[in-house]
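Visitor: Quick one: sequence and predicted model below, then my questions.
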Amino acid sequence: MKPFSTLTAVAAPIDMANIDTDRIIPVRFLRKLRNEKAGYDPYLFHDMRFGNNGGENPDFVLNRPAYRNAGILVAGANFGCGSSREGAVYALLDYGIRAVIAPSFGDIHYANELQNGMLPVTLPEEICRGLRAQLQAQPGATLAIDLPAQTVTDTEGTAHPFMIDPVYKERLLKGLDDIGLVLENTAAIEAFEKGYHAQRPWLA
């Protein structure tokens, strides 16, 4: 997966709490094939982005010109709650979202973001509310996230520290998912296998 170190990007405010994974991508779209040519980005927040006639909902934040190229979301509490579908993360990534800032996350969704190279940032409710207010006042404004320093810098230049497990931080910085983590130890694994089979030749 792609490493994550620093990110400065347009941030979109979503003034909603309890955005579940079915809102992020409705389950009916998970039957669609996802590959390099056809990602899940058309289905991100589909039922909020589009009306029954298929036209864009002009009131939804990502349909406003200033936020269309957002790379960061600032949401309410309990983002990604509900079912454990990993497709919710694929939809965010395929749209171009690399980080979500919220007061809290659904546990499984939080882990799925980390596993796929996204950064879920947990900040206090009042700070998230303040960030959303800044972004609403300045449509198209950017936020800066520094993973090594563990800070989010707002539109006024104030840096807000956040916490992240050191193991997850290292994996993001190196771009390691579970498979990549195992492959880092390839030499040790091969050495063990050679020694193990040398002592037990009958297993060959």
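Guide: Everything's here; your move.

Visitor: from memory residue 159 sits against residue 145, does it?
Guide: No. In this structure residue 159 lies outside contact range of residue 145 using CB atoms under 8 Å: 10.3 Å. In this view, the C-beta of every residue, glycine as well, is placed from N, C-alpha and C.

Visitor: Between those two, tell me which one has more neighbours.
Guide: Remark: of residue 159 and residue 145, residue 145 carries more neighbours, 24 against 12, as counted by other CB atoms under 10 Å.

Visitor: Who are the contact partners of the nearest residue to that one once chain neighbours are set aside?
Guide: Sequence neighbours aside, residue 7 is the residue nearest to residue 145 in space, at 4.7 Å (criterion: CB to CB, 6 or more residues apart in numbering). If you count contacts by CB atoms under 8 Å, 6 or more residues apart in numbering, residue 7 has them with 71-72, 98-99, 119, 144-145.

Visitor: Any regions of the chain where pLDDT drops low?
Guide: 178-192, 195-198, 203-204 (pLDDT under 70).

Visitor: Quick check: phi and psi on the residue nearest the centre of the chain?
Guide: By CA atoms, centre = their mean, the chain has its centre lying nearest to residue 118, at 3.5 Å. Main-chain torsions, residue 118, degrees, to the nearest 10: phi -90, psi 160.

Visitor: shared neighbours, residue 159 and residue 145?
Guide: 151-153.

Visitor: Most neighbours of all the contacts of residue 7, which one?
Guide: residue 72 (26 neighbours).

Visitor: if I look at that one, how far off is residue 202?
Guide: As for residue 72, its distance to residue 202 is 57 Å (criterion: CB to CB, to the nearest Å).

Visitor: Ok, residue 62 next?
Guide: Taken as CB to CB, the span from residue 62 to residue 202 is 62 Å.

Visitor: measure residue 49 to residue 170 for me?
Guide: Applying CB to CB to residue 49 and residue 170 gives a distance of 35 Å.
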